[in-house]
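Engineer: With the input below, show me the fold.
(one chain, ligands or ions: 2)
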Amino acid sequence: MLELNGVTAGYGAGLILKGVDLSVASGEIVCLIGPNGAGKSTVLKTVSGLLRPKGGSVTFKGESIGRLSPKERLTRGIVHVPQDRSLFPAMSVWENVVMGAFILSDQNLVRQRVEEVAEMFPIVARRRSASAGSLSGGEQKQVELARSLMLDPALILLDEPSIGLDPKSRTSVFASIAALAESGRTVLLVEQNARSGLAVAHRAAVLEAGVVALTGTGEGLLNDPEVARLYLGASARSGVQQSETLAAAI
Ligand SMILES: Nc1ncnc2c1ncn2[C@@H]1O[C@H](COP(=O)(O)OP(=O)(O)O)[C@@H](O)[C@H]1O
Ligand SMILES: [Mg+2]
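Structural biologist: Ligands and ions are numbered 1, 2, ... in the order given. You can find the predicted model right below:
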């Protein structure tokens, strides 16, 4: 469905992405992990059109989209949920979700879509009149996910959806991501919570310094000792081992 070949991109003279190769098949959840500043968000921007690639190709459903505007890509079924909170805090939950369909003129279709979306994300109906800003971070993320479905997208780009959330909200976000894929959507996910991101992903890639350094299945990367050492908080496990050793010694 999506293919990046040798994509280079940056914000000024220098390159942040130095030749990214990545593919996402229809119905897959692909998780991109990697250190801070590696260019993960930049990859998503080159797919949604917030940033034009300087070189290489971005192909979506067989069409080269690297030169299309964000709106043209949205029309083709690519939606981007950015890392920062993106709801309009003073507007109601319901109004925020409806905003996700801003390019649609058929109001009957918009009404039908918002009802469908509210079925999948019950908070949309339950808190419909609440101002979005009054919701918790986890609730706001659910509403953002709901809003992203309003144009019935084929591909959803999720940038660090679990960041800053408490453990319970994090669990709900990952459950929602799995549900998106089960409902036939394709997801390209960027996650700093690598363990949960890899666990929910069919396939995954490690981005390091602007290139894809490693790819595999989500499970394969979860069990890769090098990935574990660098990205899965192996030090926390060795902490447990240390205390077990200490307990045994006592
Ligand atoms: N709007 C911007 N203008 C200039 N530099 C940026 C901008 N956004 C990101 N960068 C730089 O690009 C690099 C990669 O950023 P980013 O893609 O956000 O990394 P990641 O998401 O992997 O943490 C970083 O060095 C960052 O400082
Ligand atoms: Mg980022």
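
Engineer: what's the distance between the closest residue to residue 22 other than its chain neighbours and residue 227?
Structural biologist: With sequence-adjacent residues excluded and distances taken as C-beta to C-beta, 6 or more residues apart in numbering, residue 22 is closest to residue 4, at 4.5 Å. (Each C-beta comes from the backbone N, C-alpha and C, glycine too.) Going from residue 4 to residue 227 by C-beta to C-beta, to the nearest Å gives 21 Å.

Engineer: sorry, back to before: checking the residue nearest to residue 22 next. Helix, strand or coil?
Structural biologist: The local conformation at residue 4, judged by DSSP: H, G, I helix; E, B strand; the rest coil, is strand.

Engineer: Show the model's pLDDT score for it.
Structural biologist: pLDDT recorded at residue 4 is 98.

Engineer: can you tell me which residues contact it?
Structural biologist: Contact analysis of residue 4 by C-beta atoms under 8 Å, 6 or more residues apart in numbering lists 20, 21, 22, 23, 43, 46, 47, 56, 57, 58, 59.

Engineer: What residue spans form the domains of the chain?
Structural biologist: What automatic domain parsing lists as the domains of the chain is 1-77+154-245, 84-152.

Engineer: what mean pLDDT does the shortest one have?
Structural biologist: With pLDDT averaged residue by residue, domain 84-152 scores 95.

Engineer: Any part of that domain near ligand 1?
Structural biologist: No - using C-beta under 6 Å from any ligand atom, we find that domain 84-152 stays clear of ligand 1, coming within 11.2 Å at best.

Engineer: Run the chain-centre distance for that domain.
Structural biologist: Average the C-alpha atoms of domain 84-152, do the same for its chain, and the two points are 17 Å apart (C-alpha atoms, centre = their mean, to the nearest Å).

Engineer: Straight-line length of that domain, end to end?
Structural biologist: Chord length of domain 84-152, first to last residue, is 22 Å (C-alpha to C-alpha, to the nearest Å).

Engineer: hmm, that domain in reach of ligand 2?
Structural biologist: No - applying C-beta under 5 Å from the ion, one finds domain 84-152 separated from ligand 2 by no less than 9.9 Å.

Engineer: and residue 102, how many residues sit next to it?
Structural biologist: 12 (other C-beta atoms under 10 Å).
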